Structure formats: structure tokens, C-alpha cells
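*Asks:* Pasting the sequence and the predicted coordinates here, then a few questions.
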Amino acid sequence: DSVGGTCAIVMRNVPIGLGEPCFDKLEAKLAHAMMSIPATKGFEIGSGFEGTKMRGSAHNDMFEIRGDGKMVTQTNHSGGVQGGI
């Protein structure tokens, strides 16, 4: 009998602008690679499948400027991928 499993990948300090906004999105390339592994049945970024249970207004990662001047998001529902970039 087979067993199930989960693989988590964390990417840090990824350069801004990696990937293309339309046809060569980073998340599309990652999904292609992961779904090419035999027996893979799902692929998630950020909140993943749980995001389908939220309204878009609740799922949106709003930007804010911290006291040190750094721009950050209040949440990370998109897994750090904003606008496909």
C-alpha cells in the first residue's frame, strides 16, 4: 500500500521581478515542475486551497509601510507572489 505525503518549499530573498506577469509566472513554473512528479495530486501557494473559501476582499494581501520605511504585507495569503511577480 502507498502512503501520502506533503512537501513544503520556502524561498527567501527571491529577486523582485523574477518571472513574467502573464505566461511565464513563477508560480506557473513551480506548479508545472511539481505536478510533473508522478502521483502529485495538488499544488498550493500561500493559503492554497483554503483561499477558495474566502472572499477576494478578505484574501487580498494589503501593503503597509512599517516604521522603518519597509513595505510589507499585512497577511501572506498569496504566499509572497503579488500580481504573478
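*Replies:* Right, received. Where do you want to start?
*Asks:* In this structure, which helix is the longest?
*Replies:* helix 26-35 (DSSP state H).
*Asks:* buried sites along it?
*Replies:* Neighbour-count burial for helix 26-35 flags 26-27, 30-31 (criterion: 16 or more other C-beta atoms under 10 Å). C-beta: built from backbone N, CA, C; applies to glycine.
*Asks:* Show me the strands in this protein, by range?
*Replies:* 63-65, 71-73 (DSSP state E).
*Asks:* Can I get these in a markdown table including mean pLDDT, mean neighbour count and distance to residue 2?
*Replies:* Output for those, formatted as a markdown table (pLDDT from 0 to 100; neighbours: other C-beta atoms under 10 Å; distance: least, C-beta to C-beta, whole Å):
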| stretch | mean pLDDT | mean neighbour count | distance to residue 2 |
| --- | --- | --- | --- |
| strand 63-65 | 90 | 9 | 43 |
| strand 71-73 | 86 | 11 | 38 |
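*Asks:* Just send these back as TSV, with distance to residue 18 too.
*Replies:* Shown next, in TSV, are the strands of the chain (distance: least, C-beta to C-beta, whole Å):
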stretch	distance to residue 18
strand 63-65	19
strand 71-73	17
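*Asks:* closest one to residue 7 among those?
*Replies:* Taking C-beta to C-beta, strand 71-73 is the member of these nearest to residue 7, at 24.2 Å.
*Asks:* ok, that closest one: who's next to it in the sheet?
*Replies:* Strand 71-73 pairs in its sheet with strand 63-65 (antiparallel), by DSSP bridges.
*Asks:* Any chance you could list what contacts the partner strand?
*Replies:* For strand 63-65, contacts defined as C-beta atoms under 8 Å, 6 or more residues apart in numbering pick out 71-74.
*Asks:* Could you find the closest non-adjacent residue to residue 47?
*Replies:* Leaving aside its sequence neighbours, residue 47 sits nearest to residue 77 (C-beta to C-beta, 6 or more residues apart in numbering; 4.4 Å).
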